[in-house]
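Visitor: Pasting the sequence and the predicted coordinates here, then a few questions.
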Amino acid sequence: MKVRNIFLIIGIVLFLILGGIAYYVINFYALTPFSDSQTSHPLYIYKHDTQTSVANQLSEINPQKFKAIALMWHFKDYTPRPGKYEITPSQNAIDVFRMLRNGQQKPINLVVNPAWTVEIMASRLAPQLMVDSAELVSFLNDTTTLQLMNCTPETLPAHFIPNTYEVYWTITPKQLVERLEKEYKKFWTPERRQKAEKLGLSQHEVSTLASIVCRETNNKAEMPVIAGLYLNRLHKKMPLQACPTVIFARKDFSIRRLTDPMNPDSPYNTYRYAGLPPGPIFIPSIVAIDAVLNAQKSEYIYMCAKEDFSGTHNFATTYAEHQRNAAKYQRAFKQRFK
C-alpha cells in the first residue's frame, strides 16, 4: 500500500513537472508576442510562394517562436494565401497562424499621383501592388475597359483622380479600375458637374484644361488665374499656345525650355490647332481641376514667366503689354545665364 502511494505521489509530481514544462513551452512559443520588436513587420506573400518560402520569412522574424507555427502547420493543412500581412508587436504565434490561414490582409494606402501618361502612372502604381505594370497598362488600354469607363484612349487620363486610396495589395487590374472609376464618379459631385456645365465644358474637357494648367504652374494661387486666361482664349477662338501641349506631343518630358513650338504637327499641339487637345496631356491634380471649375474672371489672354524666376507669371490683356513682360524676362534670363 505504501509503495503504491509512493508511486502515486511520484506520478503526481512528474505530471505537475511535465505540465509545468508544457505550460512554459506553450506559453513561450505560442502565447507570448511572436516578434521581439516594438514595431510591426510587413509580410508579403506572392502567388508563387510556398509553405517553405513563407516559413523562411517567418523564421527570419523569430526562428524560435516560428516552431509553434510550424507545429500547427503540421497538424492543419496550410496553403499560402497571397497578400500583404502585418505582424504586430501584440500578436502571438497562434494569432499569426490564424491571420495567415484566414488571409486577413492589412490594407495598403495606394498613392495615385499626377503623371504625364497612363503608362507612367501605371509604372508608379505597380510597385505598390502585386500587379505587374505591363499587365495593368494592357488592361487599361483594352477596349472592354474603355467601354466600362465610358472613355477613349485620349480621355482615359481624366478618369484618374490623384489621391490616396485604401486597397488590398492583391487587388487585380479589374478591381483597381472599378475602384478608381467609383472614385471618379464620387469626385464629380452635382456641384462640380454644374460648374462644368456653366463653363460650357464636359468633365473630360475640364480635366483636359486642368492638365494644361497643372503643367504651366506649381503655384496653387495662380492656377485659377491661368485657367481663366485659357478660358478667355477659348471663348475668343484663339489658339491656346500652351507650351506643355507641345512637350506632350513630342513625348520628351525632359524639355525645360521650348523652341520651335510649331513642331510637331499633332492634334495636341495648341500652337497649330485652336481649341482643347483631344484629351488630358497630364493626369491633373484635384487642385488644378477645381481651379478650372472656379476659374478667376479677368481680361487676361497672355502670360509670361516672371523675371524673378519664381515660377509665377506676369499676365497681360494686350499683346503690347505681353511684349514688355517678355522683354523683361529675356533681359533677366540673359543676365542670369550669360
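Guide: Received it, and whenever you're ready, just let me know what you need.
Visitor: what are the ranges of the strands in the stretch 51-200 of the chain?
Guide: Counting by DSSP state E, counting those that start in this stretch, one finds strands in the stretch 51-200 of the chain at the ranges 83-87, 108-112, 163-167.
Visitor: who wins for proximity to P224 among those strands?
Guide: Nearest to P224, of all these, is strand 163-167, at 20.5 Å by C-beta to C-beta. The C-beta positions use only the backbone N, C-alpha and C, and glycine is treated the same way.
Visitor: How far does that closest one sit from its chain's centre?
Guide: 7 Å (C-alpha atoms, centre = their mean, to the nearest Å).
Visitor: Pairing partners for it, with directions?
Guide: Strand 163-167 has the following strand partners under DSSP bridges: strand 108-112 (antiparallel).
Visitor: Please work out the average pLDDT along the strand it pairs with.
Guide: Strand 108-112 carries an average pLDDT of 96.
Visitor: just the helices in the stretch 51-200 of the chain please.
Guide: Secondary structure of the stretch 51-200 of the chain (DSSP state H, counting those that start in this stretch): helices at 51-61, 66-75, 93-102, 118-125, 133-140, 143-149, 173-187, 190-199.
Visitor: So what's the residue count around the spatially closest residue to K106 that is not a sequence neighbour?
Guide: The shortest distance from K106 to any non-neighbouring residue, by C-beta to C-beta, 6 or more residues apart in numbering, is to E86 (3.9 Å). Neighbour count for E86, taken as other C-beta atoms under 10 Å: 15.
Visitor: ok so, going back, would JSON lines of the helices of the stretch 51-200 of the chain with distance to C304 be doable?
Guide: Formatted as JSON lines, the helices of the stretch 51-200 of the chain follow (distance: least, C-beta to C-beta, whole Å):
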{"stretch": "helix 51-61", "distance to C304": "57"}
{"stretch": "helix 66-75", "distance to C304": "65"}
{"stretch": "helix 93-102", "distance to C304": "59"}
{"stretch": "helix 118-125", "distance to C304": "29"}
{"stretch": "helix 133-140", "distance to C304": "37"}
{"stretch": "helix 143-149", "distance to C304": "38"}
{"stretch": "helix 173-187", "distance to C304": "33"}
{"stretch": "helix 190-199", "distance to C304": "25"}
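Visitor: Turn the ones you listed into CSV, including distance to T317, mean neighbour count and mean pLDDT.
Guide: Converted to CSV, those look like this (distance: least, C-beta to C-beta, whole Å; neighbours: other C-beta atoms under 10 Å; pLDDT from 0 to 100):
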stretch, distance to T317, mean neighbour count, mean pLDDT
helix 51-61, 65, 15, 84
helix 66-75, 73, 16, 64
helix 93-102, 65, 19, 86
helix 118-125, 37, 18, 93
helix 133-140, 42, 17, 92
helix 143-149, 40, 13, 91
helix 173-187, 34, 16, 95
helix 190-199, 20, 13, 97
